[in-house]
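Student: curious how this folds, go ahead:
(2 chains)
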Amino acid sequence: MKRLGVAAAAAMAFVAPLAMAQDAHLARNLAATCANCHGTDGAARGDMKPLAGVAADKIIAMIDDYKSGNMPATIMHQISKGYTDEQIRLVAGYFAAQQPRK
Amino acid sequence: MSFESHTDLSRRRLLGAGMALGGLALAGCASTAGSGPSIGHVVVVGGGFGGSTAARYLKLWGGNIDVTLVERSASFVSCPISNLVLGGHKQMADITRGYDGLRAVGVKVVQGEVTAIDAAAKKVRMAGGGELAYDRLVLSPGIDFMLDGIGGLAAAIDSGRIAHGWKAGPQTVALRRQLEAMPDGGVFAMAIPKAPYRCPPGPYERACMVASYFKVAKPRAKVLVLDGNPEITSKKGLFEKAFKDHYAGIIEYRPNNELKAVDGNTAKLEFDDVKADVLNVIPPQRAGDLARSAGLLNMNNRWVGVNWLTMESTAAAGIHVLGDATFPAPAMPKSGHMANQHAKVAAAAIIQLLKGEAVNATPVVMNTCYSFVTARDAVHVASVHQFDATDKTFKTVPGSGGVSAAANQVEGRYALSWAHNIWADMLAL
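Tutor: Numbering: from 1, shown residues only, chains lettered A, B, ... in the order given. Got it, this is the predicted structure:
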């Protein structure tokens, strides 16, 4: 859990103006909304894309491409638009710090 | 914004005195990770999508916390994917999972039934005697049925003649057996209640799955959909297309056909009667019995109102209610996926409340529902709900969410992967 705290803090540095009002576990909580499909802490099974251990900038770029329509998708173009850029940065930072599923 | 509980400090002082009361003496035994005193004991009632997820995430995020999950059944049977069992494309074993994963992460899993809640004394009474004391209670009671308004239905369900199949398990098996025993050339009629009900697209997926079975095994059989609603309530265009493209001449859809009574296998509607070979009734629903007996149905005498920052009931302090039993925020579906999301909001908040900390003021939940329209092709509906501090509720984000462009096999694979991932997420598999 300590490692996650560092990741969350690092990720939150991107959104310093909001940090005062933010819950310390915001990145963790937001990432947990993805777990239903992408696995607990991003350790996905089956055909879903694993997010655990994926570099934060890669996740952010992927989401940006879904939002803009540059990357074709079945569903992520619709889901990604429900999260703010700041929330995506928090989520990406959290997943980057997780261990991929063995 | 602070949502600290005024009783947390005094409660924490009392924790060392031991939490278990009565005959079961369970609470003090639950294992905790690491050292130091427990921050408290949470009893979770109901091991479905909501309750299991809450138990798992309380342990995952809570550190030294005692969690007891009380569930009637020995194993979890998933409603999502159960329509594929009706279609003959999956078996019961494919949608059944055990609770050993939760036990392995330190959840005390008790197979049993809670019969009463004493919110003032913070304890629940168990069937067969014994009590469990709690610091916070999580109720994920699912739905129970309102049978009184449909003549003959309660007796027909009790006798086993009519299977609702709207709680996965023996009901799924019973309905599948009726379908298998039905003669070719017979009629399967399904009555859908007026919204709101559990799993809005579920009845239409069921129509497709039963029709997919008939198409192969009983090519002269029909599916008659008697919908109490004025139109298909979810993924309308996609289901209409599936009915037309795959099941023309098999599925007949009738809107505004609310069931009034049943007589044998005859569905009595407002203007006519429909005789079926297999009559499947999805009854009107309300929050589960335990929520009602606890006096929590403060919304239309049917659902439980909740504080969306904590999922705490607006009718009783210290009781957090999840999933289908809740009175929903705007455009929030009653789905297993949403119950899982409720549970994570509740788990985070409960840990903070037990520690005397402020809870997250900006929670987010999202929903994805996949429905199969053939054995391999699926469609989805998705939505993202951000908390609105002004109106104190979740609201969907404009421009986000939506449905599939068309049914496709890629989403059929995603639908099954979704199931495996959410079962693993909630049951710590």
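
Student: remind me which helix or strand the nearest residue to B:Gly202 once chain neighbours are set aside belongs to.
Tutor: Excluding the flanking residues, the one nearest B:Gly202 by Cβ to Cβ, 6 or more residues apart in numbering or on different chains is B:Asn83, at 6.9 Å. C-betas here are computed from N, CA, C, even on glycine. Element membership for B:Asn83 (DSSP states H and E) is helix B:82-86.

Student: low-confidence ranges in the chain?
Tutor: Reading this off chain A. In the predicted model, chain A carries pLDDT under 70 at residues A:1-21.

Student: was after chain B, sorry
Tutor: For chain B (pLDDT under 70), the answer is B:1-35.

Student: quickly list the domain ranges of it.
Tutor: B:8-144+B:286-361, B:147-283 (automatic domain parsing).

Student: export these as TSV, with columns for mean neighbour count.
Tutor: Shown next, in TSV, are the domains of chain B (neighbours: other Cβ atoms under 10 Å in any protein chain shown):
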stretch	mean neighbour count
domain B:8-144+B:286-361	21
domain B:147-283	19
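
Student: list the contacts of the helix holding B:Asn83.
Tutor: B:90-92, B:94-95, B:165, B:168, B:172, B:175-176, B:179, B:202, B:205-206, B:208-210, B:213, B:372, B:375 (Cβ atoms under 8 Å, 6 or more residues apart in numbering or on different chains).

Student: now the helices: where do they sit in chain A?
Tutor: Using DSSP state H, the helices of chain A run over residues A:2-12, A:16-19, A:26-32, A:35-38, A:56-68, A:76-79, A:85-96.

Student: cool, the stretch 251-400 of chain B as well?
Tutor: B:289-293, B:336-355 (DSSP state H, counting those that start in this stretch).

Student: does chain A have contacts with the last one?
Tutor: In other words, helix B:336-355. Yes. Residues of helix B:336-355 contacting chain A under Cβ under 8 Å from any Cβ of the partner chain: B:337, B:340-341, B:344-345, B:348.

Student: name the residue of the stretch 201-350 of chain B that lies nearest to chain A.
Tutor: Of all residues in the stretch 201-350 of chain B, B:Lys344 sits closest to chain A, with a separation of 4.7 Å (Cβ to the nearest Cβ).

Student: just give the nearest non-adjacent residue to that residue, would you?
Tutor: A:Ala32 (4.7 Å).

Student: returning to what we had before: what is the nearest of the residues of helix B:336-355 next to chain A to A:Tyr83?
Tutor: Nearest to A:Tyr83 among these: B:Gln341, at 13.6 Å, using Cβ to Cβ.

Student: is chain A within reach of the helix or strand harbouring B:Gly51?
Tutor: Element membership for B:Gly51 (DSSP H and E) is helix B:49-62. Yes. Judged by Cβ under 8 Å from any Cβ, helix B:49-62 and chain A are in contact via B:57, B:60-61.

Student: where's B:Leu58 relative to B:Val365, distance?
Tutor: According to Cβ to Cβ, to the nearest Å, B:Leu58 stands 17 Å off from B:Val365.

Student: what do you get for B:Ala415?
Tutor: 20 Å.

Student: ditto for B:Ile251
Tutor: Distance, B:Ile251 to B:Val365, using Cβ to Cβ: 33 Å.

Student: okay, now the closest residue to B:Gln341 other than its chain neighbours: neighbour count?
Tutor: Distance criterion Cβ to Cβ, 6+ apart; nearest residue to B:Gln341, sequence neighbours excluded, is B:Val365 at 3.8 Å. Applying other Cβ atoms under 10 Å in any protein chain shown, we find 24 residues neighbouring B:Val365.

Student: output the set of residues of chain A in proximity to chain B.
Tutor: Counting by Cβ under 8 Å from any Cβ, chain A sits next to chain B at A:1, A:21-23, A:25-26, A:28-30, A:32-33, A:35-40, A:44-48, A:74-75, A:78-83, A:87.

Student: narrow these to just the buried residues.
Tutor: Buried subset of the residues of chain A next to chain B (neighbour count, 16 or more other Cβ atoms under 10 Å in any protein chain shown): A:22-23, A:25-26, A:28-30, A:32-33, A:35-40, A:44-45, A:47-48, A:74-75, A:78-83, A:87.

Student: how about the contacts made by residue 60?
Tutor: Since no chain was named, I'll use chain A. A:88-89, A:92.

Student: ah, no, chain B please
Tutor: A:40, B:105, B:347.

Student: how does it look with 10 Å?
Tutor: The contact partners of B:Leu60, by Cβ atoms under 10 Å, 6 or more residues apart in numbering or on different chains, come to A:1, A:28, A:32, A:40-41, B:33, B:53, B:105-106, B:344, B:347, B:425, B:428.

Student: check B:Gly401 too.
Tutor: Taking Cβ under 10 Å, 6+ apart as the test, what B:Gly401 contacts is A:75, A:78-79, A:81-82, B:331, B:366-368, B:381-385.
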